[in-house]
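K.L.:
Next input, structure requested:
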Amino acid sequence: MKTNTTIVLTPTLWRTCRALAGPTRLNLLRRIIEKPDQCVTDLAAAEEVSESRASQELRRLQSRGLVQMYRTGTWTRYRPVTDPKVVSAKPLLAAMRKALVRWSDEKTRRVAHAFGHERRLKLVQLMQEGRRSLDEFQEQGNLSRPALFRHIAVLQEGGVIQRVPGGWELRANPHPLAKAMLALLRTT
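P.N.:
A predicted model of the protein is given here:
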């Protein structure tokens, strides 16, 4: 078991998951996947939000590399095409395509929320090396006990970790987003 490992995290990963945890953004992404090339006006009407709010939420998805915006005349349209500069976008969009067909939005949001914080990603990476006790988490994660308990609760609620004798370990979670995130975290 490794100790004192320096872990470099890609901000895109946790920020992308944070974006995917939002119900409006998740619904907009679903609509774009199901019917590409819709304009902001149609997407806003379908979600019953203002055009400015829809545009703002769509820009957040675009900034994470999950959708592509283009113009046709005066219309701004979106399609599910990843940004090649965002390395994590392609596997995450593929995972979301599967998740939005087979999994409830609530489950998908919980998984996204579990991975939606830099410190939770660090805890998951530590567990990829093996089971961890609370003391090891606290020391290696550089967290206070209350903060550690909050992060563990979110990871557990997202089905990412489970309590075992002697501490915590990763849980086999079949959700496509969980699988994609664990694979991406192994490569960072």
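K.L.:
list the contacts for Thr16?
P.N.:
Counting by CB atoms under 8 Å, 6 or more residues apart in numbering, Thr16 touches 64-66, 88-89, 92. (Glycine included, C-beta is placed from N, CA and C.)
K.L.:
Pick out the most distant pair among those residues.
P.N.:
Leu66 and Ser88 (9.7 Å; CB to CB).
K.L.:
coming back round to it: distance to Pro146 and pLDDT for the contacts of Thr16 - can I get that in CSV?
P.N.:
Output for the contacts of Thr16, formatted as CSV (distance: CB to CB, whole Å; pLDDT from 0 to 100):
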residue, distance to Pro146, pLDDT
Arg64, 30, 94
Gly65, 34, 94
Leu66, 33, 96
Ser88, 30, 92
Ala89, 34, 94
Leu92, 31, 97
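K.L.:
Tabulate the residues you listed (a markdown table), appending secondary structure, distance to Asn27 and neighbour count.
P.N.:
Shown next, in a markdown table, are the contacts of Thr16 (DSSP: H, G, I helix; E, B strand; the rest coil; distance: CB to CB, whole Å; neighbours: other CB atoms under 10 Å):
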| residue | secondary structure | distance to Asn27 | neighbour count |
| --- | --- | --- | --- |
| Arg64 | coil | 16 | 25 |
| Gly65 | coil | 19 | 21 |
| Leu66 | coil | 14 | 27 |
| Ser88 | coil | 22 | 23 |
| Ala89 | helix | 19 | 19 |
| Leu92 | helix | 17 | 27 |
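K.L.:
Between the residues you listed, which sits nearest Asp135?
P.N.:
Nearest member of the contacts of Thr16 to Asp135, counting by CB to CB, is Ser88, at 31.5 Å.
K.L.:
So that closest one versus Ser63, what's the distance?
P.N.:
Distance of Ser88 to Ser63, computed by CB to CB, to the nearest Å: 13 Å.
K.L.:
What ranges in the protein fall below the confidence cut-off?
P.N.:
With pLDDT under 70 as the threshold, the chain has low-confidence stretches at 1-11, 188.
K.L.:
Show me it divided up by domain.
P.N.:
Split into domains by automatic domain parsing, the chain comes to 23-83, 90-187.
K.L.:
Any idea which of the ones you listed gets closest to Trp14?
P.N.:
Judging the domains of the chain by CB to CB, what sits closest to Trp14 is domain 90-187, at 5.1 Å.
K.L.:
Check whether Arg97 sits in a helix, strand or coil.
P.N.:
The assignment at Arg97 comes out as helix when based on DSSP: H, G, I helix; E, B strand; the rest coil.
K.L.:
Was I right to think it contacts Ile33?
P.N.:
Yes. Using CB atoms under 8 Å, Arg97 is in contact with Ile33, at 5.8 Å.
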